[in-house]
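> with the input below, show me the fold.
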Amino acid sequence: MMRTTIKSMVTLLFVATISLSALAQDTKPAPASPPATATGKVGAATITINYSSPAVKGRTIWGGLEKYDKVWRAGANKTTTFETDKDITVQGKKLPAGKYNFFLIPKENGTWTAIFNKEVANTNPFNYKEAEDQLRVDVKVKALKENQERLVYKIDNKGVALEWEKVSVPLAIK
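Predicted coordinates:
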C-alpha cells in the first residue's frame with residue numbers, strides 16, 4: 001500500500017512538473033518589436049523587406065525615440081534588409097538587383113535620406129559604414145491621416161512606403 005502511494009505521488013509530481021513547464025512556455029510574452037516581412041511586385045521586380053516592427057506606445061517617435069539627422073536602421077533590433085531580384089530605379093536613381101541593408105536619416109524639416117548599404121553581413125545597425133553605401137536618395141515624407149501604431153512597410157505598383165506614427169516615407173520605384 002505504501003509503495004502504491006509513493007508511486008502515485010511521484011507520478012503526480014512528474015505530471016505536475018511537465019504541465020507547469022508546458023504552461024510556462026505558452027505564456028511567453030510576444031517580442032516588443034516582432035519580426036515582419038513585406039513582399040510585393042513593382043513592375044517586373046519582386047521586392048522583399050525584412051524588418052522588426054516596433055510600436056509607438058505613446059512615445060514621441062520622430063525627434064524623440066528616433067533622432068533627427070542620425071542614421072536609423074528603419075526598424076528595430078537588427079538592420080532592415082531590402083532585396084530586389086531585378087535592377088530598379090529608386091527616386092529616379094539606379095539600384096542594381098541584390099540585397100541591401102536599408103537605413104533612413106529622418107529630418108525635422110525638408111527631405112529625408114534613404115540609404116541602401118551593401119554590407120548585408122553586418123546585422124548590427126550601430127556598425128553602419130557610409131563607405132559601403134550603394135545608393136542614397138532624398139525622399140519627401142507625407143503626413144498620415146491616422147496614427148500607425150506599428151511600423152509597417154507597404155509595397156504596391158508605385159513603390160514602397162514605410163509608415164509609422166503619423167509619417168509615411170514613400171519611395172518611388174520603377
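> rest of the way, CA atoms for contacts and neighbours
Noted.
> the residue at minimal distance from the centre of the chain - nearest residue in space that isn't next to it in sequence?
Against the mean C-alpha coordinate of the chain, by Cα atoms, centre = their mean, the closest residue is residue 51 at 2.2 Å. In space, and not counting its chain neighbours, residue 51 is closest to residue 80: 4.6 Å by Cα to Cα, 6 or more residues apart in numbering.
> for residue 84, same thing?
Nearest non-adjacent residue to residue 84 (Cα to Cα, 6+ apart): residue 47, at 4.7 Å.
> surely that neighbour is in contact with residue 39?
Yes: when contacts are counted by Cα atoms under 8 Å, residue 47 is listed as touching residue 39 (5.6 Å).
> mutual contacts of those two, please.
The contact sets of residue 47 and residue 39 overlap at residue 155 (Cα atoms under 8 Å, 6 or more residues apart in numbering).
> which one of the two is surrounded by more residues?
residue 47 (23 against 18; other Cα atoms under 10 Å).
> ok, now which ones touch the more buried one?
38-41, 82-85, 155.
> please pick the buried ones from those residues.
For the contacts of residue 47, a burial check counting by 16 or more other Cα atoms under 10 Å picks out 39-41, 82-84, 155.
> with adjacent residues omitted, what lies nearest to residue 146?
Once flanking residues are discounted, residue 146 sits nearest to residue 166: 6.6 Å by Cα to Cα, 6+ apart.
> so what's the one you found up against?
143-148.
> closest one of those to residue 60?
Minimum distance to residue 60 across these is 12.0 Å, recorded for residue 147 (Cα to Cα).
> just the element for that closest one, please.
strand 142-156 (DSSP states H and E).
> check the offset of that strand from the chain's centre.
13 Å (Cα atoms, centre = their mean, to the nearest Å).
> contact partners of that strand?
38-42, 47, 49, 53-57, 75, 160-170.
> what bridges to residue 143?
residue 167 (DSSP bridges).
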